[in-house]
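# Here you go, sequence then predicted model.
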Amino acid sequence: MCDKCSQNLQQSLAPSRRSMMLLAASALGAAAFGGAALAKEAKAPPKPQNVLSPDAALKRLMEGNARYVSGVSRRHDFSHEREALVGGQNPYAAVLSCADSRIAPEYAFDSGRGDLFVCRVAGNFGGDETVASMEYAVAVLGTPLILVLGHDSCGAVDATIKALKDDKPLPGHIPTLAAAIAPAVKTAAQQSGNALDNAIRQNVIDNVAKLRSAAPILNAAAEQGKLKVVGGIYRLSTGTVELLAQG
């Protein structure tokens, strides 16, 4: 075969090779990003009782809180749950909670392993990483409910109020917390009543709205009725979680 013929033959084969490479890349991408979801669909969930509608998930969450408040929390078989959850997870609710040591969502809602997907940060606000984590819970794990949980006497909110009032920057990296909480504090400043209580409540309301409208995953799930995003306040003196009116 002459050099020219050989060159023409190689050129005619080139598109086919590129197509094969693109196909291989697509397969690798699907395995990397869709593998977890496909695997979840291919096998039974590790905790079938956690497959709930958003309303049923909220009902179960609050029933757990009622048991906790009444001092009749269930005894959980953690050993059996560990075994069941080795191959996966399907939490029935996700909680964005403050990092305050007095708040423990797993206890407050009398939950077992694999029941709650919890993100905790001082001031319970939805930063980029937290929103991404909640997207993972909803899109990959199939979680039908997100609760933004504030609490009485939140130190992060109180520090933000004082920093804005005194116009004095906070030390270290704490200003990043204050910057996230500041919009709620400024809104609450226009309200009558206790400034700290109002800001804590407003901060929950703002972050419920943020998560509910977060595109493209959370807002779509909410619009389709697959996800409910609610807010609540944990009362330190009783352990009661009071849900806020849903907008």
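Looks like it came in fine.

# all contacts plus neighbour counts: C-alpha atoms, from now on.
OK.

# C-terminal to the helix or strand bottoming out on mean pLDDT in the chain, what's the next element?
The weakest-scoring helix or strand in the chain, judged by mean pLDDT, DSSP states H and E, is helix 3-42 (a mean of 41). Using DSSP states H and E, the helix or strand that directly follows helix 3-42 along the chain is helix 54-70.

# For H76, report the pLDDT, please.
Listed pLDDT for H76 reads 77.

# do the one 3 residues further on as well
Reported pLDDT at S79 in the predicted model: 75.

# State the number of residues packed around it.
S79 has 9 neighbours, counted by other CA atoms under 10 Å.

# now do the one 3 residues further on
The local packing of R82 (other CA under 10 Å) involves 13 other residues.

# looking at this, it is in a strand?
No - judged by DSSP: H, G, I helix; E, B strand; the rest coil, R82 forms no part of a strand; its state is helix.

# and the gap between the nearest residue to A139 once chain neighbours are set aside and A44?
Leaving out its chain neighbours, the residue that sits closest to A139 by CA to CA, 6 or more residues apart in numbering is I217, at 7.1 Å. As defined by CA to CA, to the nearest Å, I217 lies at a distance of 24 Å from A44.

# So for the two, which residue has more residues nearby?
Shown here are I217 and A44; by other CA under 10 Å, I217 has more neighbours (18 against 10).

# quick one: the more buried one from A56, how far?
In terms of CA to CA, I217 sits 21 Å off from A56.

# Check A189 too.
Distance, A189 to A56, by CA to CA: 36 Å.

# Repeat that for V69.
From V69 to A56 the distance is 20 Å (CA to CA).

# What's opposite Y234 in the beta bridge?
Beta-bridge pairing for Y234 (DSSP bridges): H151, V241.

# Surely it touches G150?
Yes - in this structure Y234 lies within contact range of G150 using CA atoms under 8 Å: 6.1 Å.

# With neighbour numbers in mind, choose between those two.
G150 (30 against 20).

# give me every residue that touches the more buried one.
S97, C98, G123, N124, I200, R201, N203, V204, G231, G232, I233, Y234 (CA atoms under 8 Å, 6 or more residues apart in numbering).
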